[in-house]
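Colleague: Provided below are the primary sequence and the corresponding predicted coordinates.
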Amino acid sequence: MPRPEPHVILFHSAASDPRWPDAIRRALPDFEVRTNLEGIAPEDVAAAVVWKHPPGMLAPLARLKLIQVIGAGVDHVFTDPFLPRHVPIARLVDPGLTARMSEYVLLHALALHRRMDETVRAQDERRWEFIAPAPPARTCVGILGLGHLGLACATTLRAMGFRVIGWSRTRKADLPFETYAGADGLAAFRNACDVLVLLLPLTAQTQGLVDSRFFDDLRAGAALINVGRGGLIEDDALLAALDDGRLRHAVLDVFRQEPLPADHPFWTHRRITVTPHNSSATDPDTAIEQVVENVRRAVSGERPLHLVDPSAGY
Ligand code: NDP
């Protein structure tokens, strides 16, 4: 007798919203949603819905049709040496996550534009330092990464009145703002920015992109917001650039090691703002529909939404 079609959805995440497994159960009642494989034949798993799964977890799932990552970044998926490379990998494009990210980037771009870093230092020293308010159009915010999140942030920043420019891997000719592309475009791009926003995926090409050389030709008074991944930045180069004044301030949400170790110099640096990777997060309320649609597509042989290109790493 042929084996019945795979009917199990394997969920794994140690860090996501705890409502996820029940949200999937409610939304996909024809599937059995499991958080482990106890008593389950691996070949009965149709889809894996995961965030930072343990290496090797997916390899035995012989009839897996979809790896659905419940986040926007997928760098951790490719650290699994046993990743079943033939299975489609999809990421989420979650309107809730996008909205929270746009808020965070706007919040910190405004704070940097209004020089809140200097105002806070002045207050610490009981110093009345009048910093004249300037219109946002005088601040150029450069977004590295013009994907789903970068473009949403660009729209929000432009609506606030900022001058926005962007940088991406492939050229974007049809955007309503100035764009640069590839390694050739990077020097001119970063030299034009007052605030740089990192919204790049972590890949072999972007790892350590923000190094000592990167800081050498920034505008005077430039500041940085990193909401991409910690590995985009060389930590020592960042500290050196802050200490010798090439960089005015850094807002960091993501780190090479998370949680950021208690003895890391970023915690106490007066020119660094640390947030605990909470600029944004996936919200099951706004993302569940996409998981449902992708499981439906995967089991019926259709192409899932928001597939990752394993050769590009994002
Ligand atoms: P997308 O895949 O939609 O966009 C990625 C962008 O980066 C694209 O514009 C792409 O260029 C560009 N890019 C990739 N590689 C390079 C390169 N080598 N040089 C220049 N540009 C490059 O991703 P999202 O916008 O959805 O997300 C971006 C990242 O944000 C995620 O990968 C994740 O790391 C991070 N993130 C962080 C969160 C947080 O809580 N801090 C939450 C969610 C995401 P092109 O357009 O040419 O392909």
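Modeller: Arrived safely.
Colleague: ok now do whatever residue of the chain ends up closest to the ligand, which residues does it touch?
Modeller: Nearest residue of the chain to the ligand: residue 147, at 1.6 Å (Cβ to the nearest ligand atom). C-beta: built from backbone N, CA, C; applies to glycine. The neighbours of residue 147, taking Cβ atoms under 8 Å, 6 or more residues apart in numbering as the test, are 168, 199, 201, 314.
Colleague: so which of these is the most crowded?
Modeller: Among these, residue 199 has the most neighbours (other Cβ atoms under 10 Å), with 27 neighbours.
Colleague: so how far is residue 34 from that one?
Modeller: 34 Å (Cβ to Cβ, to the nearest Å).
Colleague: who in the stretch 201-314 of the chain is up against the ligand?
Modeller: By Cβ under 6 Å from any ligand atom, the residues of the stretch 201-314 of the chain that approach the ligand are 201-203, 205-206, 227-229, 253-254, 277, 279-280, 314.
Colleague: how about CSV for the residues you listed, with distance to residue 130 and secondary structure added?
Modeller: Listed next are those as CSV, based on distance: Cβ to Cβ, whole Å; DSSP: H, G, I helix; E, B strand; the rest coil:
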residue, distance to residue 130, secondary structure
201, 41, coil
202, 41, coil
203, 44, coil
205, 44, coil
206, 40, coil
227, 31, coil
228, 35, coil
229, 38, coil
253, 30, coil
254, 34, coil
277, 35, coil
279, 31, coil
280, 34, coil
314, 45, coil
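Colleague: Go through the residues you listed and name the one nearest residue 135.
Modeller: Closest approach between these and residue 135, by Cβ to Cβ: residue 227, at 24.5 Å.
Colleague: Skip the chain neighbours and tell me the closest residue to the residue positioned nearest the centre of the chain.
Modeller: Residue closest to the average C-alpha location in the chain (Cα atoms, centre = their mean): residue 228, at 4.3 Å. Sequence neighbours aside, residue 198 is the residue nearest to residue 228 in space, at 4.1 Å (criterion: Cβ to Cβ, 6 or more residues apart in numbering).
Colleague: Please report the number of neighbouring residues for residue 272.
Modeller: 19.
Colleague: got the contact list for it?
Modeller: Taking Cβ under 8 Å, 6+ apart, one finds 242, 249, 250, 251, 252, 266 in contact with residue 272.
Colleague: one more time with 7 Å
Modeller: By Cβ atoms under 7 Å, 6 or more residues apart in numbering, the contact set of residue 272 is 242, 250, 252, 266.
Colleague: Okay, and which of these map to helices?
Modeller: residue 242 (DSSP state H).
Colleague: Output the residues of the stretch 201-314 of the chain next to the ligand in a markdown table; the columns should cover pLDDT.
Modeller: Shown next, in a markdown table, are these (pLDDT from 0 to 100):
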| residue | pLDDT |
| --- | --- |
| 201 | 98 |
| 202 | 98 |
| 203 | 98 |
| 205 | 97 |
| 206 | 98 |
| 227 | 98 |
| 228 | 98 |
| 229 | 98 |
| 253 | 98 |
| 254 | 98 |
| 277 | 97 |
| 279 | 98 |
| 280 | 97 |
| 314 | 97 |
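Colleague: Show me which of those are buried.
Modeller: 201-203, 206, 227-229, 253-254, 277, 279-280, 314 (16 or more other Cβ atoms under 10 Å).
Colleague: CA atoms only for stretch 212-226, dumped as CSV, please.
Modeller: Taking Å, rounded to 0.1, in the frame of the first residue of the first chain, the C-alpha atoms of stretch 212-226 are listed here in CSV:
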residue,chain,number,x,y,z
SER,A,212,37.9,50.3,8.6
ARG,A,213,38.1,51.4,4.9
PHE,A,214,34.3,51.9,4.9
PHE,A,215,34.6,54.5,7.6
ASP,A,216,37.5,56.3,5.9
ASP,A,217,35.4,58.2,3.4
LEU,A,218,32.3,59.0,5.3
ARG,A,219,30.9,62.5,5.6
ALA,A,220,31.9,64.5,8.7
GLY,A,221,29.3,63.8,11.4
ALA,A,222,27.9,60.7,9.8
ALA,A,223,26.0,58.2,11.9
LEU,A,224,25.1,54.6,11.5
ILE,A,225,22.0,52.4,12.2
ASN,A,226,22.5,48.7,12.0
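Colleague: tell me, how many neighbours does residue 191 end up with?
Modeller: Residue 191: 12 neighbours (other Cβ under 10 Å).
Colleague: Where does pLDDT dip in this protein?
Modeller: Judged by pLDDT under 70, the chain has no weakly predicted residues.
Colleague: And the helices in the stretch 151-300 of the chain, which stretches?
Modeller: 182-191, 212-216, 235-243, 284-299 (DSSP state H, counting those that start in this stretch).
Colleague: And these: which comes nearest residue 42?
Modeller: Closest among those, using Cβ to Cβ: helix 284-299, at 16.8 Å.
Colleague: Now that closest one: buried residues?
Modeller: With burial defined by 16+ other Cβ under 10 Å, the residues of helix 284-299 counted as buried are 284, 286, 287, 288, 290, 291, 294, 295, 297, 298, 299.
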